[in-house]
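# sequence plus the predicted model coming up.
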2 protein chains.
Amino acid sequence: MRLADLGERGLLAELERLGLVTGIEHDAAQLAGGVVVTQDALVEGVHFRLDWTSWRDLGYKAAAVNLSDLAASAAEPEALIVSLGLRPDTEVARVRELYEGLAEAGVPVRGGDLTTAERVYLSVTAIGRSQRVPGRAGARPGDRVVVTGPLGASAAGYRCLQDGVESPLAAAHLRPPLRLVEGRRLGAVASALLDISDGLAADAGRIAERSGCRLVLELERVPVAAGVAEVAERAGVSVWELAAGFGEDYELLATVPEAVEGCIEIGRCEAGEGAVLLLGGQPVALRGHEHFR
Amino acid sequence: MRLADLGERGLLAELERLGLVTGIEHDAAQLAGGVVVTQDALVEGVHFRLDWTSWRDLGYKAAAVNLSDLAASAAEPEALIVSLGLRPDTEVARVRELYEGLAEAGVPVRGGDLTTAERVYLSVTAIGRSQRVPGRAGARPGDRVVVTGPLGASAAGYRCLQDGVESPLAAAHLRPPLRLVEGRRLGAVASALLDISDGLAADAGRIAERSGCRLVLELERVPVAAGVAEVAERAGVSVWELAAGFGEDYELLATVPEAVEGCIEIGRCEAGEGAVLLLGGQPVALRGHEHFR
């Protein structure tokens, strides 16, 4: 059997069943003393294109996607470690811009290594400490489902980059939000908490699956970023495909027993299973991103 | 200016000068509470070839090179985090073998992520705790220079793989030693400690540079792994090129005020600068590995 047949989630389930890995689908590994660690790699041609992104934005994004996992762990970040693969003919000024972009995320780079590589890659580890990591398994019927900000800007920005259309939305794709303060606020009260990296539909499904309950979301209540509707119309896709199906929003999604200031309520937990997205009271189907399929 | 002109060490110096990174050439980042974290990436075609290595050996090596950095930090390992890039047509059985190889290193995989990639890559973060990290800056004139085991097997094994010659030395290249116990023993007493990844000559030079003293090593006292001399002769190179110039030995190199049980003394620290390798009392020149040049 090949990965394309099994898919990312099937592979994870198989590796977990064999006891070869634990916690691989969590936002961050939790260690003794409240230490949380997360790691993501960005590979040229897979996660970014150097004709779409500046080196500075690339550095910022590599830091931000990892810090988003710390935010989803309600952690205070302490350090980044950065491994970098570069072609020898790369201009030194570009590498400097990349590290300047990393620094703009506000967390010091405290180690790493440099390697010759044909394709540029960055692997970033972010380390922090958390008082309480809500995780994904604690949502209960009756909880409210909340998000920390508008969705869809990253997906719409990606479309604009793809179509060569200039738009301020491109910046939203290249410079995701940092919800560290909101993460720590939610960490104190949330029954489940994650960052939306694979799309609202897929990530709500993850909380439902791990918690053993159903998340019912009313799409009319989901905040959509400015300009997303226009991009959807031009592309001939539903606005919800961009705002709930694409991912890379890096807003936080949480279930909470009571309303939380600054968060937008978009639905409820019920007994049952799966994530149900309602539009005008009717369920709609949206698929998130899954690797290998 | 391009990376090829500046070289890895020149780039590091420039990034440190600008305050954009600290500690990037250390074996591991040190955080509050004795937490040490290290990260290394292995990229297909750069660090490994799938026609030379089995997936199991690849997993083991990815774990081992990171655990070696923890050994050099005198740390007790706690967890690995593994990010993996794979082609969708990869057989699931190969991925399972890779995780089995990671598990053989004895430290649990506690998180990570999976990504589609054209070239296989593994990025591994290793996390541990250390009572005392000697670092590279503490060597003093009068200290002894010691290593934890024989050198050159990895270099000789690499040559054998390159030349298509079957040899038990190939295993030494694919399965580096784990010196975690020795690392903690040295951590209590060493004035400087690192793992030999870029070759004895280059890594001794790093201790000398950071400590502001001279390391004088007598090559006759350096233990050379069995079979290395034969490979050197066949390849028409000096045995010292393999044992002190190539790297990837992953034995520990330390400076200590007194002899340490189980370690082999190969030289002394003196006032002065740089690493001097003596053969029959005469200095010899050997270069280690440096990226981008």
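Nice, I can see it. Residues are numbered from 1 along each chain as shown, chains lettered A, B, ... in the order given.

# export the helix or strand containing A:R159 as PDB, just CAs?
Using DSSP states H and E, A:R159 sits within helix A:153-163. The C-alpha coordinates for helix A:153-163 follow below in PDB (Å, rounded to 0.1, in the frame of the first residue of the first chain):
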ATOM      1  CA  ALA A 153      -7.900  35.900   3.800                       C
ATOM      2  CA  SER A 154      -5.000  33.400   3.400                       C
ATOM      3  CA  ALA A 155      -7.000  31.300   0.900                       C
ATOM      4  CA  ALA A 156      -8.100  34.400  -1.100                       C
ATOM      5  CA  GLY A 157      -4.500  35.700  -1.000                       C
ATOM      6  CA  TYR A 158      -3.200  32.400  -2.300                       C
ATOM      7  CA  ARG A 159      -5.700  32.600  -5.200                       C
ATOM      8  CA  CYS A 160      -4.500  36.100  -6.000                       C
ATOM      9  CA  LEU A 161      -0.900  35.100  -6.000                       C
ATOM     10  CA  GLN A 162      -1.800  32.100  -8.200                       C
ATOM     11  CA  ASP A 163      -3.700  34.300 -10.700                       C
END
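
# now do the buried residues in it.
For helix A:153-163, burial by neighbour count (16 or more other CB atoms under 10 Å in any protein chain shown) applies to A:153-161. Every C-beta, even on glycine, is put in place using the N, C-alpha and C of the backbone.

# likewise for stretch A:176-195?
A:176-180, A:182-187, A:189-195.

# tell me how many other residues surround the closest residue to A:M1 other than its chain neighbours.
Setting aside the residues directly before and after it, A:M1 is nearest to B:V92 in space (CB to CB, 6 or more residues apart in numbering or on different chains), at 4.8 Å. Close neighbours of B:V92, defined as other CB atoms under 10 Å in any protein chain shown, add up to 18.

# cool, and A:G280?
A:G280, neighbours per other CB under 10 Å, totals 8.

# how close does it get to A:E218?
9 Å (CB to CB, to the nearest Å).

# out of the buried residues of helix A:153-163, who's nearest A:Q39?
Nearest to A:Q39 among the buried residues of helix A:153-163: A:S154, at 21.0 Å, using CB to CB.

# which ones are touching the residue lying closest to that closest one once chain neighbours are set aside?
Nearest residue to A:S154, sequence neighbours excluded (CB to CB, 6+ apart): A:E248, at 4.2 Å. The neighbours of A:E248, taking CB atoms under 8 Å, 6 or more residues apart in numbering or on different chains as the test, are A:154-155, A:158, A:173, A:176, A:197.

# do the same with A:G281
Here A:G281 is in contact with no residues (criterion: CB under 8 Å, 6+ apart).

# about what we covered before: does the residue nearest to A:S154 sit in a helix, a strand or a coil?
Three-state assignment for A:E248 (DSSP: H, G, I helix; E, B strand; the rest coil): coil.

# mind pulling up the pLDDT for it?
You'll see A:E248 listed with a pLDDT of 92.

# also A:E25?
On the pLDDT scale, A:E25 gets 62.

# find the least confident helix or strand in chain A, judged by mean pLDDT.
strand A:109-116 (a mean of 86; mean pLDDT, DSSP states H and E).

# pretty sure A:R268 is in a strand, no?
Yes. Assessed by three-state DSSP, A:R268 belongs to a strand.

# now for it, how many residues are close by?
Count around A:R268 with other CB under 10 Å applied: 17.

# mind listing residues that contact stretch A:154-174?
Here stretch A:154-174 has contacts from A:52-54, A:57, A:60-61, A:153, A:176, A:225, A:227-228, A:231-232, A:234-235, A:241-243, A:245-250, using CB under 8 Å, 6+ apart.

# now the buried members of the residues you listed.
A:52-53, A:57, A:60-61, A:153, A:176, A:225, A:227-228, A:231-232, A:235, A:241-243, A:245-250.

# mind listing what A:T255 touches?
Here A:T255 is in contact with A:138-140, A:143-146, A:190-193, A:207, A:211, A:215, A:269 (criterion: CB under 8 Å, 6+ apart).

# taking those one by one, which sit in strands?
Those of the contacts of A:T255 mapping onto strands are A:144-146, A:192-193, A:215, A:269, per DSSP state E.

# closest to B:V46 out of those residues?
A:L193 (37.0 Å).

# spit out the contact partners of the closest one.
Contacts of A:L193 by CB under 8 Å, 6+ apart are A:72-74, A:133-136, A:183, A:186-187, A:252-255.

# pick out whichever of the contacts of A:T255 sits closest to chain B.
A:L193 (16.0 Å; CB to the nearest CB).

# who does the closest one bridge with?
A:A254 (DSSP bridges).

# so how far is A:Q39 from it?
From A:L193 to A:Q39 the distance is 19 Å (CB to CB).

# next: A:Y250.
16 Å.

# check A:V231 too.
32 Å.

# in the one helix or strand A:A170 maps to, which residues are buried?
Applying DSSP H and E as the criterion places A:A170 in helix A:169-174. Across helix A:169-174, burial judged by 16+ other CB under 10 Å covers A:169-170, A:172-174.

# can you give the distance from that helix to the centre of its chain?
Centre-to-centre, helix A:169-174 and its host chain are 14 Å apart (CA atoms, centre = their mean, to the nearest Å).

# dump that helix to CSV, restricted to CA.
In CSV, the C-alpha atoms belonging to helix A:169-174 read as follows (Å, rounded to 0.1, in the frame of the first residue of the first chain):
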residue,chain,number,x,y,z
LEU,A,169,-4.9,39.8,0.6
ALA,A,170,-1.6,38.3,-0.6
ALA,A,171,0.0,39.7,2.5
ALA,A,172,-2.5,37.8,4.7
HIS,A,173,-1.2,34.6,3.0
LEU,A,174,2.4,35.5,3.5
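
# skipping adjacent residues, who's closest to A:C213 in space?
A:C269 (5.0 Å).

# for A:G212, same thing?
In space, A:G212 is closest to A:E273, 7.2 Å off (CB to CB, 6+ apart).

# hmm, the one you found is touching A:L215, no?
No. In this structure, A:E273 is not within contact of A:L215 by CB atoms under 8 Å, at 9.5 Å.

# with neighbour numbers in mind, choose between these two.
Comparing A:E273 with A:L215 by neighbour count (other CB under 10 Å), the higher total belongs to A:L215, at 31 against 14.

# pairing partners for the more buried one in the sheet, please.
A:C269, A:A275.

# equivalent analysis for A:A41, please.
A:S123.

# next, count neighbours for it.
Neighbour tally, A:A41, other CB under 10 Å: 28.

# residue contacts, it?
So A:A41 contacts A:47, A:121-124, B:41, B:83, B:85, B:113, B:115, B:121, B:123 (CB under 8 Å, 6+ apart).

# can we see that at 6 Å?
Residues near A:A41 by CB atoms under 6 Å, 6 or more residues apart in numbering or on different chains: A:123, B:83, B:123.

# ok but the second one is inside a helix, no?
Pointing back at B:S83 there. No. Going by three-state DSSP, the assignment for B:S83 is strand, not a helix.

# so it is in contact with B:G112, correct?
Yes. With contact defined as CB atoms under 6 Å, B:S83 counts as touching B:G112 (5.1 Å).

# so how far is A:T38 from the residue positioned nearest the centre of chain A?
Centroid check for chain A by CA atoms, centre = their mean gives A:S197 as the closest residue, at 2.5 Å. Note on A:S197: its distance to A:T38, by CB to CB, is 11 Å.

# perfect, that will be all.
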